[in-house]
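A.B. asks: what follows is a protein structure lacking sequence information:
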């Protein structure tokens, strides 16, 4: 939806064309990210089928409390981001800033919780190559290799999202109107980050969990 007070770059005919081009660009970028994560998800499916008992044992050693808490945090951040986009469509800069700052706070909260979880993983000797817990089946190391790769890559995307949302919040404060198109595109990225976690949560914390 074009901005209420629209400006557009000279290479575009109007604000609508710019909006459509920028949105398409973000969707294409997200498609490449889906392919990137898709390789890890495919590896998970293949190895889980081959070593289901070891993967169940690995999943039982992930921290369900931290995983569930972070799921709640990210789902809430999706709501606050959607509210920021809605405020931008109505050209309400103060509301945009408030919702963006709340989304940023939730994103930082996610990283803090993840930091506590990673610390617990180190204590429980669940890090590949660092005297891995000998009580776990041998192929559980494959599970935790994927666990660290997938959650670590996701955390990097959260950090990038924090940078993007922080820049957008500063832009809103400095401009006399709300850049709705910019906020919508940032919202697409943030919802993608949330969606990836929604897939990671059951795969790493819930499937075949018996304790």
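C.D. replies: Noted; the coordinates are in hand. Every value quoted in this text rests on a predicted model; they were computed, and no experiment measured them. Numbers count the residues shown, from 1 in each chain.
A.B. asks: list the buried residues of stretch 191-198.
C.D. replies: Buried positions in stretch 191-198, judged by neighbour count with 16 or more other CB atoms under 10 Å: 191-194, 196-197. For every residue, glycine as well, the C-beta is placed using N, CA and C.
A.B. asks: lowest confidence element among the helices and strands of the protein?
C.D. replies: Least confident helix or strand, the chain: helix 15-50 with a mean of 78, by mean pLDDT, DSSP states H and E.
A.B. asks: which helices and strands does whatever helix or strand comes next after that one pack with?
C.D. replies: Next helix or strand after helix 15-50 toward the C-terminus (DSSP states H and E): helix 52-60. Under the contact definition 3 or more CB pairs under 8 Å, 6 or more residues apart in numbering; DSSP states H and E, helix 52-60 sits against helix 140-174.
A.B. asks: the following helix or strand past the helix it packs on: how far from the chain's middle?
C.D. replies: Using DSSP H and E, the next helix or strand after helix 140-174 towards the C-terminus is helix 180-201. The chain centroid and the centroid of helix 180-201 are separated by 7 Å, computed with CA atoms, centre = their mean, to the nearest Å.
A.B. asks: what packs against helix 180-201?
C.D. replies: Using 3+ CB pairs under 8 Å, 6+ apart: helix 180-201 touches helix 15-50, helix 64-89, helix 93-123, helix 140-174.
A.B. asks: sorry, back to before: closest to residue 124 out of the buried residues of stretch 191-198?
C.D. replies: Using CB to CB, the shortest approach to residue 124 within the buried residues of stretch 191-198 belongs to residue 197, at 21.7 Å.
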